[in-house]
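Student: make a model of this:
(2 chains)
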Protein chains: 2
Amino acid sequence: MVEIIELNQIKKVLKEIDVSQVIQAIEEGFVAYSQGKVVVPPIGEMIFKNPPGDVHIKYGYIIDDDYYVIKIASGFYENPKIGFPSGNGLMLLFSQKTGELICILVDEGFLTNVRTAAAGAVVAKYLAPKKIHKVGIFGAGVQGRMQLEYLKYVRDFSEVIVWGINEDELKKYKDEMEKKGFRIKTTLEAEEVASRCNLIVTCTPSTRPLLQAHQIQEGTHITAIGSDTPQKQELDPEILRKAERIVVDSRSQALQRGECFKALEAGVIRESDMVELGEVISNSSLWRQSEEEFTVADLTGVAVQDIQISKAVWKTITSGTTLWQGE
Amino acid sequence: MVEIIELNQIKKVLKEIDVSQVIQAIEEGFVAYSQGKVVVPPIGEMIFKNPPGDVHIKYGYIIDDDYYVIKIASGFYENPKIGFPSGNGLMLLFSQKTGELICILVDEGFLTNVRTAAAGAVVAKYLAPKKIHKVGIFGAGVQGRMQLEYLKYVRDFSEVIVWGINEDELKKYKDEMEKKGFRIKTTLEAEEVASRCNLIVTCTPSTRPLLQAHQIQEGTHITAIGSDTPQKQELDPEILRKAERIVVDSRSQALQRGECFKALEAGVIRESDMVELGEVISNSSLWRQSEEEFTVADLTGVAVQDIQISKAVWKTITSGTTLWQGE
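Tutor: Below you'll find the model as predicted:
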């Protein structure tokens, strides 16, 4: 009998997992990835025209692990017209020993948000300044919220400046996040974030730079999360040129999409300027060396994160410590 | 709430579907495929070494249809040692309008057997002689059984000669299939099948020819089902040279695997000698023209069959005529 785990159950399970353990699992995934222990075949894709939609099939496994994972994610952009979210998704966890389907996590894309937030925390753990003045967030959406919640597990801070595209979304963000104990200031001016925050996370679907190189202060760390296609862009390429260290989750993906792709295309950085997050974690000489350094991380999202998050959820369910069943 | 349908439920549903409707659905799938209306992206693959296993992800859709289908099939060849079947599989049916997951058919590979058996019947409908002397089956396995059950919906016959590799499996086959009303003769000699049967279906995992060209009688039709890789082979390539018509389910696949691949490699047929099953169905001048013709069909299996069979199962469940629920 296959175990099917719906979104509300997944959310309950995650509330019972120590967030530090999630961050740890994602961290271990990045290390395995950069050690060449993760097999990630090419992404499968279907593009629909009527109505417009796309489906991506991402899959992979850690060599000699117990599981492999297949993630199916879709975006159907006219769904909101009929009252459905545009994004959808599920992850299937199989045994690497028998091929048996172990569980289906019908997470509707939620676990992708979780593993992305956890990746932001992993980056900050090794690259953010020790002393945070304020955290700057670009994008008042789901990821803009979740980054804060995960960052607090690796750095002490309470003051946040959030940049958004309209007052309405910013007000909602402020109301919601202040209830969670953050002190939120909202702005429509990127300059305000850049001038006052030394840990900045960008998580928008922007296709033009939101931040310019001259705005960035000494000692800042920026994690760019929004751009995961060749089209999207949140940072002026000059920012990457200026950075003392450029960290990517996946070198091969960074050559084809995200901020590094744009900066390589502009000729302002070289492939050899990039270092993988898994390499950084394993080598303390690649961690932040001083409070004055300016560092950038460019995350496009790798399948090993999906592998690690679905394993973490499943292990929690089977550990018997969770109360999710029957509720 | 996602509907998850396990194998025992799928089997119940299939008992309630008129087999002719299944054959019809598969037939319509082949027509759509040959009309270029089916999108089938490259197959995804993962190969494991310890223990040895492989996973294939096949997916696609009929343009402007309501659904798309993702099939995940695996083979872990040491499973029988621990009491599990080596093959496993499931099909996921999604809405092409919203990306919503509609149902998961945890069929453990059974629907692949069904759609393959139905394809054999579609071929026979258009290419087998009208008057069947005896049906010859190579391979006393699951597909060797199912072919008979589906063929009876398109041709009248009761006498069958089945070829196998040992007396034990043949005895079991005979016992089982005679209970279903077939008159079964078993043999270890291919010659016996070739000399007495004018409709032959090969469904073995052989990697060397089981049948030779000189053995084939005038007026025979052969459907070769077993070979779906570049390595497997059931027919001497000379058989394809001798055939008056060579029908394939997918021209592009036939260039890379199966009997046609072997015959092309041997230089005894050309690509232009092959015609697609969907084209045959739509064009009566490509159907069998006389009881004397010798024809061959080479099936490697196409994703549109998976699409059609999972839709057929789901439609039956939702039509409300089925009693599967709660049983």
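Student: so how far is stretch A:23-36 off the chain centroid?
Tutor: 14 Å (C-alpha atoms, centre = their mean, to the nearest Å).
Student: whoops, stretch A:233-248 was the one
Tutor: Distance, stretch centre to chain centre, for stretch A:233-248: 17 Å (C-alpha atoms, centre = their mean).
Student: CA-only coordinates of it in PDB, if you can.
Tutor: What follows is stretch A:233-248, C-alpha atoms only, in PDB (Å, rounded to 0.1, in the frame of the first residue of the first chain):
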ATOM      1  CA  GLN A 233      17.700  38.600 -13.400                       C
ATOM      2  CA  GLU A 234      17.800  40.400 -10.100                       C
ATOM      3  CA  LEU A 235      21.400  41.700  -9.900                       C
ATOM      4  CA  ASP A 236      23.400  44.100 -12.100                       C
ATOM      5  CA  PRO A 237      26.200  41.900 -13.400                       C
ATOM      6  CA  GLU A 238      28.700  44.500 -12.100                       C
ATOM      7  CA  ILE A 239      27.700  43.300  -8.600                       C
ATOM      8  CA  LEU A 240      29.100  39.900  -9.400                       C
ATOM      9  CA  ARG A 241      32.300  41.500 -10.800                       C
ATOM     10  CA  LYS A 242      32.700  43.400  -7.600                       C
ATOM     11  CA  ALA A 243      32.100  40.400  -5.300                       C
ATOM     12  CA  GLU A 244      35.100  38.900  -3.500                       C
ATOM     13  CA  ARG A 245      33.500  35.500  -3.700                       C
ATOM     14  CA  ILE A 246      30.700  34.100  -6.000                       C
ATOM     15  CA  VAL A 247      29.100  31.000  -4.700                       C
ATOM     16  CA  VAL A 248      26.700  28.900  -6.800                       C
END
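Student: where in chain A is pLDDT low?
Tutor: In the predicted model, chain A carries pLDDT under 70 at residues A:320-327.
Student: go again with 50.
Tutor: Within chain A, the segments meeting pLDDT under 50 span A:322-327.
Student: can you give me the helices for the stretch 1-150 of chain A?
Tutor: Using DSSP state H, counting those that start in this stretch, the helices of the stretch 1-150 of chain A run over A:7-16, A:19-34, A:110-127, A:142-151.
Student: quick check: phi and psi on A:Gln233?
Tutor: Dihedral pair for A:Gln233: phi -160, psi 140, per degrees, to the nearest 10.
Student: that one contacts A:Pro205, doesn't it?
Tutor: No - judged on C-beta atoms under 8 Å, A:Gln233 makes no contact with A:Pro205 at a distance of 10.3 Å. In short, each C-beta sits where N, CA and C put it, glycine included.
Student: between the two, who's got more neighbours?
Tutor: Of the pair A:Gln233 and A:Pro205, A:Gln233 is the one with more neighbours under other C-beta atoms under 10 Å in any protein chain shown, namely 23 against 13.
Student: could you pull up phi and psi at the residue nearest to the more buried one when sequence neighbours are not counted?
Tutor: Spatially, and ignoring its direct neighbours in sequence, A:Gln233 is nearest to A:Lys262 (5.1 Å; C-beta to C-beta, 6 or more residues apart in numbering or on different chains). For A:Lys262, the backbone dihedrals are phi -60, psi -40 (criterion: degrees, to the nearest 10).
Student: can you give me the end-to-end span of stretch A:154-174?
Tutor: Length of stretch A:154-174, first residue to last, C-alpha to C-alpha, to the nearest Å: 22 Å.
Student: and stretch A:140-159, how far apart are its ends?
Tutor: Terminal residues of stretch A:140-159 are spaced 15 Å apart (C-alpha to C-alpha).
Student: quick one on the thing from earlier: report the contact partners of the residue nearest to A:Gln233.
Tutor: Shown in contact with A:Lys262 (C-beta atoms under 8 Å, 6 or more residues apart in numbering or on different chains): A:227, A:233, A:235, A:237.
Student: list buried residues within these.
Tutor: The neighbour-count test (16 or more other C-beta atoms under 10 Å in any protein chain shown) marks A:227, A:233, A:235, A:237 as buried among the contacts of A:Lys262.
Student: ok, the third one to chain B distance?
Tutor: In other words, A:Leu235. Separation of A:Leu235 from chain B (C-beta to the nearest C-beta, to the nearest Å): 30 Å.
Student: got it, and the last one?
Tutor: The gap separating A:Pro237 from chain B is 33 Å, by C-beta to the nearest C-beta.
Student: let me know whether that residue touches A:Ala263 as I believe.
Tutor: Yes - using C-beta under 8 Å, A:Pro237 is in contact with A:Ala263, at 3.9 Å.
Student: common neighbours of those two, please.
Tutor: Counting by C-beta under 8 Å, 6+ apart, the common neighbours of A:Pro237 and A:Ala263 are A:Ile269.
Student: the residue in the stretch 201-327 of chain A positioned nearest to chain B: neighbouring residues, count only.
Tutor: Closest approach between the stretch 201-327 of chain A and chain B, counting by C-beta to the nearest C-beta: A:Ala303, at 11.2 Å. Using other C-beta under 10 Å, A:Ala303 is surrounded by 23 other residues.
Student: ok, the one 4 residues further on next?
Tutor: Residues lying near A:Ile307 (other C-beta under 10 Å) number 31.
Student: who does A:Arg183 bridge with?
Tutor: Beta-bridge partners for A:Arg183, by DSSP bridges, are A:Glu159.
Student: go ahead and confirm it touches A:Ser158.
Tutor: Yes - the criterion here is C-beta under 8 Å, and A:Arg183 meets it with A:Ser158 at 5.1 Å.
Student: got any residues that touch both of those two?
Tutor: Among the neighbours of A:Arg183, none is also in contact with A:Ser158 (C-beta under 8 Å, 6+ apart).
Student: just say which of the helices of the stretch 1-150 of chain A is most tucked in.
Tutor: For these, the largest average neighbour count (mean count of other C-beta atoms under 10 Å in any protein chain shown) is found in helix A:110-127, namely a mean of 24.
Student: skipping its backbone neighbours, what lies nearest the closest residue to chain B within the stretch 101-250 of chain A in space?
Tutor: Closest residue of the stretch 101-250 of chain A to chain B, C-beta to the nearest C-beta: A:Val106 (5.4 Å). Excluding its sequence neighbours, the residue lying closest to A:Val106 (C-beta to C-beta, 6+ apart) is A:Leu90, at 4.7 Å.
Student: OK, contacts around the one you found?
Tutor: Going by C-beta under 8 Å, 6+ apart, A:Leu90 touches A:71-72, A:104-108, B:101.
Student: quick one: buried residues of the helix or strand where A:Leu210 lies?
Tutor: Using DSSP states H and E, A:Leu210 sits in strand A:207-211. Neighbour counts over strand A:207-211 (16+ other C-beta under 10 Å) mark A:209-211 as buried.
Student: same thing with stretch A:193-208?
Tutor: Buried residues in stretch A:193-208, counted by 16+ other C-beta under 10 Å: A:193-194, A:197-204, A:206.
Student: cool, stretch A:269-289 as well?
Tutor: A:269, A:273-281, A:286, A:288.
Student: any idea how far chain B is from A:Val31?
Tutor: Distance of A:Val31 to chain B, given as C-beta to the nearest C-beta: 21 Å.
Student: what helix or strand does the closest residue to that residue other than its chain neighbours sit in?
Tutor: Of all residues not flanking A:Val31 in the chain, A:Gly278 sits nearest, at 4.6 Å (C-beta to C-beta, 6+ apart). In this assignment (DSSP H and E), A:Gly278 forms part of helix A:277-282.
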